[in-house]
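> What follows is a predicted structure for the sequence shown.
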Amino acid sequence: MTLDQVEVKEGVDQETVDAVREVSTYKYGWETEIEMEYAPKGVNPDIVCLISEKNDEPEWMTEWRLSAFERWTQMDEPKWAMVNYPKIDFQDQYYYARPKSMAEKPKSLDDVDPKLLATYEKLGIPLKEQMILAGIEGAEDAPAEGRKVAVDAVFDSVSVGTTFQDELKKAGVIFCSISEAIREHPELVKKYLGSVVPVSDNFYATLNSAVFSDGSFVYIPPGVRCPMELSTYFRINAENTGQFERTLIIADKGSYVSYLEGCTAPQRDTAQLHAAVVEIIIEEDAEVKYSTVQNWFPGDENGNGGIYNFVTKRADCRGARSKVMWTQVETGSAVTWKYPSCILRGDESQGEFYSIAIANNHQQADTGTKMIHLGKDTKSRIVSKGISAGVAQNTYRGLVTMHPRAKNSRNYTQCDSLLIGDKCGAHTVPYIEVKNNSSRVEHEATTSKVDDDQLFYCRQRGMDEEEAVALVVNGFCKDVLQALPMEFAMEAQQLVAISLEGSVG
Amino acid sequence: MLEIKNLQVSLAEEDKEILKGVNLTVEAGKVHAIMGPNGSGKSTLSYVLSGKDGYEVTGGSASLDGEDLLELEPEERAAAGLFLAFQYPVEIPGVGNMTFLRTAVNAQRKARGEEEMSAAEFLKVVRERAKTLKIDADMLKRPVNVGFSGGEKKRNEILQMAMLEPKMCILDETDSGLDVDAMKLVSEGVNALRDEGRGFLVITHYQRLLDHIKPDVVHIMANGRIVKTGGPELALEVEQNGYADILAEVA
Ligand SMILES: Nc1ncnc2c1ncn2[C@@H]1O[C@H](COP(=O)(O)OP(=O)(O)OP(=O)(O)O)[C@@H](O)[C@H]1O
Ligand SMILES: [Mg+2]
């Protein structure tokens, strides 16, 4: 390699530094003032029917929801995670909230209430069908003409609109809200909904099955490489309202899609519930990349408010040689309970999980993954970077199982924890089950502290303390940041820095 | 330029005095060398000047161009033009050397209210300066100091110094661990930066370095004090006779 081939782009750059400087608190904590309509508080069969009716759902869907609700009433909240929070009163929440202006489904984005459009604009989410310019100085591999990203914008309980639908349709790709998919593509929804995360899977997933209001639906037909990145942006705005989104992604044989998910919420003193379900089906030779930047309001520095985030995400690699890659950057939420998992059913299928989980102040994160190896010659890789600061608790919880039929399978797990200060905690809970003798599981774990000598070295070179921490922490997270699509990687870097604001000194 | 008056320093954690009244003035354009036995307080002096935690200044003063250094945060001292080439440079995993350099350069520029360096300009300058220090592209891309050999780390310190263009450069045993060729490279790097506006304080144990970087003044430090000051001939004397005679003379 020669000197001319060197680029300046990895690690923290000036944008990050600026972002850290200008933002002193949660940047997305503002609220949109808009007239809303709510279903009555609480959850019961009537509310379930009401949500179904609001979405113009066919009867089979209503029945599906009602049976889920029935199951839910017999279930208990799980208690095994290393998180503490006041008891949630499930009857003291709204389960459905939508802007009044959305009562009549807008025909296109042009008909959407300008206030809603302005909300997304303020959040930096492109709802115009425009090129996203990477805007990264010196990044020579960013295509000059920019990249297209199709967006489905979900505001509280409803999808506001989905961009680039025509262009995607030409490629045979279906990308729409799940409520639209239930109406327009019932055969696909019937076949796949609940096939990866069964209705009775767990307390939160079952509740979600009963009351989910909206979310995204993706179908990539055989042999199609999705012509652009797809993304869903979730915004919780209404107070005392739970968000229960449902996402279903189907990658048919030999197809490929990269999907991004982002989320934010206003700053409030009372905690809010979020319980999502994401199901991904990956057929033979298909590949799905799913990236999340989770930035729900984390609560204030005294631990008031914030989102309780209970999420079930699972990918089923059904076909041979299918591949899934989960990448998550978890910086928000007061409580996170989330284990994006891979069922490696097809022979030679592959699952990867890359995670950055940051817990600052009073945040608690219990997150990790499950790699269930069922097929022969399956491979999985887990790279988890946990960062704890303030009085936060951060737990990595992972399960790797090699079933008897999963001959010659491999897993590699690397799990690193970084502590900032001495009042926070990091925990690693790996479960490993190997039921055949030709498979191999490797697990490496480290725990380290942000080193004073590193910080002093950076400061002697002119960086202030927060910049120095951001630099060191971004270095720690590098393996995961590299796995993100470029635009997201930039955002994630900045977020890493911002969420650690006030963690030193 | 750098004025240190009767500087007294103890460890913050325990009641142990390390610097017992150091007096030293480095004028702009001059190179001062400090020699002295192990444990005499040379590195401590460099740390205290640059603002490292863990030391308590119990008396005296230190200023750079009239500005009180001891009042400033480490990054403010850096922006004011103070640079320390560390005796033991620190590794920062995952942070590319280039990124580190550019972040540092622009942090200082910003602190001084100057224009930031564009990516293109930065690349041009860094390539040029790296080349003269025989630092290759691979080393620029690798994480800061991670897996660098001892000599590579020291050359990397000099590259940082060349990029930051500080007013006052303190080099703490930058020659230790260098092979003969690297010693030449580093010395040339330092000499290239010699300028009437810039001062150097070179901490070393060996005359060898001073053959290349000709000092104007040589100080001997012992037991937390500067015990003798002279011209370049003082370093030669130490080289030949060790410290015994000098220490006996001042005792
Ligand atoms: N943080 C510390 N804790 C305990 N002792 C310390 C600390 N820092 C410095 N010292 C002591 O202060 C004295 C001076 O150390 P310093 O590193 O400044 O010496 P030096 O002149 O640079 O030596 P060398 O030539 O070996 O590099 C030594 O006795 C050292 O052990
Ligand atoms: Mg020393």
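Received, thanks. Ligands and ions are numbered 1, 2, ... in the order given.
> Every contact and neighbour count from this point should use C-alpha atoms.
Noted.
> Run through the stretch 151-300 of chain A and note the low-pLDDT ranges.
Residues of the stretch 151-300 of chain A meeting the criterion pLDDT under 70: A:266, A:268.
> How about it: which residue is closest to ligand 1?
Nearest residue of the stretch 151-300 of chain A to ligand 1, counting by C-alpha to the nearest ligand atom: residue A:300, 36.7 Å away.
> Does that residue touch residue A:307 like I think?
No - with contacts defined as C-alpha atoms under 8 Å, residue A:300 does not count as touching residue A:307, sitting 11.0 Å away.
> For residue A:148, pull up the helix or strand it's in.
strand A:147-155 (DSSP states H and E).
> How about residue B:105?
In this structure, residue B:105 is located in helix B:97-111 according to DSSP H and E.
> So residue B:227 versus residue B:21, what's the distance?
Here residue B:227 is placed at a distance of 11 Å from residue B:21 (C-alpha to C-alpha, to the nearest Å).
> intersection of neighbour lists for those two?
Common contact partners of residue B:227 and residue B:21 (C-alpha atoms under 8 Å, 6 or more residues apart in numbering or on different chains): none.
> Now whatever residue of the stretch 1-150 of chain B ends up closest to chain A. Nearest residue, chain neighbours left out?
Closest residue of the stretch 1-150 of chain B to chain A, C-alpha to the nearest C-alpha: residue B:94 (3.8 Å). Excluding the flanking residues, the one nearest residue B:94 by C-alpha to C-alpha, 6 or more residues apart in numbering or on different chains is residue A:475, at 3.8 Å.
> State the next helix or strand along the chain beyond the particular helix or strand that has the one you found in it.
Element membership for residue A:475 (DSSP H and E) is helix A:465-476. Following helix A:465-476 in sequence order, the next helix or strand is helix A:478-481 (DSSP H and E).
> could you give the mean pLDDT of that following helix?
Average pLDDT, helix A:478-481: 87.
> and the next helix or strand after it, C-alpha only, in PDB?
Reading on from helix A:478-481 to the C-terminus, the next helix or strand found by DSSP H and E is helix A:486-499. Only the C-alpha atoms of helix A:486-499 are listed here, as PDB (Å, rounded to 0.1, in the frame of the first residue of the first chain):
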ATOM      1  CA  MET A 486     -22.200   4.000   5.900                       C
ATOM      2  CA  GLU A 487     -24.900   6.600   6.600                       C
ATOM      3  CA  PHE A 488     -25.800   4.800   9.700                       C
ATOM      4  CA  ALA A 489     -22.300   4.400  10.800                       C
ATOM      5  CA  MET A 490     -21.800   8.100  10.900                       C
ATOM      6  CA  GLU A 491     -25.000   8.600  12.900                       C
ATOM      7  CA  ALA A 492     -24.000   5.800  15.200                       C
ATOM      8  CA  GLN A 493     -20.600   7.300  15.900                       C
ATOM      9  CA  GLN A 494     -22.200  10.600  16.800                       C
ATOM     10  CA  LEU A 495     -24.700   8.900  19.000                       C
ATOM     11  CA  VAL A 496     -22.100   7.000  20.800                       C
ATOM     12  CA  ALA A 497     -20.400  10.200  21.700                       C
ATOM     13  CA  ILE A 498     -23.700  12.000  22.600                       C
ATOM     14  CA  SER A 499     -25.000   9.200  24.800                       C
END
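> Now do helix A:486-499 and strand A:147-155, the angle between them.
In terms of direction (axes from the mean of the first three to the mean of the last three C-alpha atoms, to 10 degrees), helix A:486-499 departs from strand A:147-155 by 50 degrees.
> how close does residue A:124 sit to chain B?
To chain B, residue A:124 is 25 Å away according to C-alpha to the nearest C-alpha, to the nearest Å.
> can you confirm that residue is in a helix?
No - under DSSP: H, G, I helix; E, B strand; the rest coil, residue A:124 sits outside any helix and is assigned coil.
> and it, how many neighbours?
Other residues within reach of residue A:124, judged by other C-alpha atoms under 10 Å in any protein chain shown, total 9.
> measure residue B:27 to residue B:217 for me?
Using C-alpha to C-alpha, residue B:27 is found at 10 Å from residue B:217.
> export the lowest-mean-pLDDT helix or strand in chain B as PDB, just CAs?
Every helix and strand in chain B was compared by mean pLDDT, DSSP states H and E; the lowest is helix B:244-250, with a mean of 83. Output of helix B:244-250 as PDB, limited to C-alpha atoms (Å, rounded to 0.1, in the frame of the first residue of the first chain):
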ATOM      1  CA  ALA B 244      29.100  10.900  40.600                       C
ATOM      2  CA  ASP B 245      31.500  13.900  40.200                       C
ATOM      3  CA  ILE B 246      28.700  16.300  39.500                       C
ATOM      4  CA  LEU B 247      26.600  15.100  42.400                       C
ATOM      5  CA  ALA B 248      29.600  15.200  44.800                       C
ATOM      6  CA  GLU B 249      30.500  18.700  43.600                       C
ATOM      7  CA  VAL B 250      27.000  20.100  44.400                       C
END
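> Give me the distance from it to the chain's centre.
For helix B:244-250, the gap between its own C-alpha mean and the chain's C-alpha mean amounts to 27 Å (C-alpha atoms, centre = their mean, to the nearest Å).
> packing partners for that helix?
Applying 3 or more C-alpha pairs under 8 Å, 6 or more residues apart in numbering or on different chains; DSSP states H and E, one finds that helix B:244-250 makes contact with strand B:225-230.
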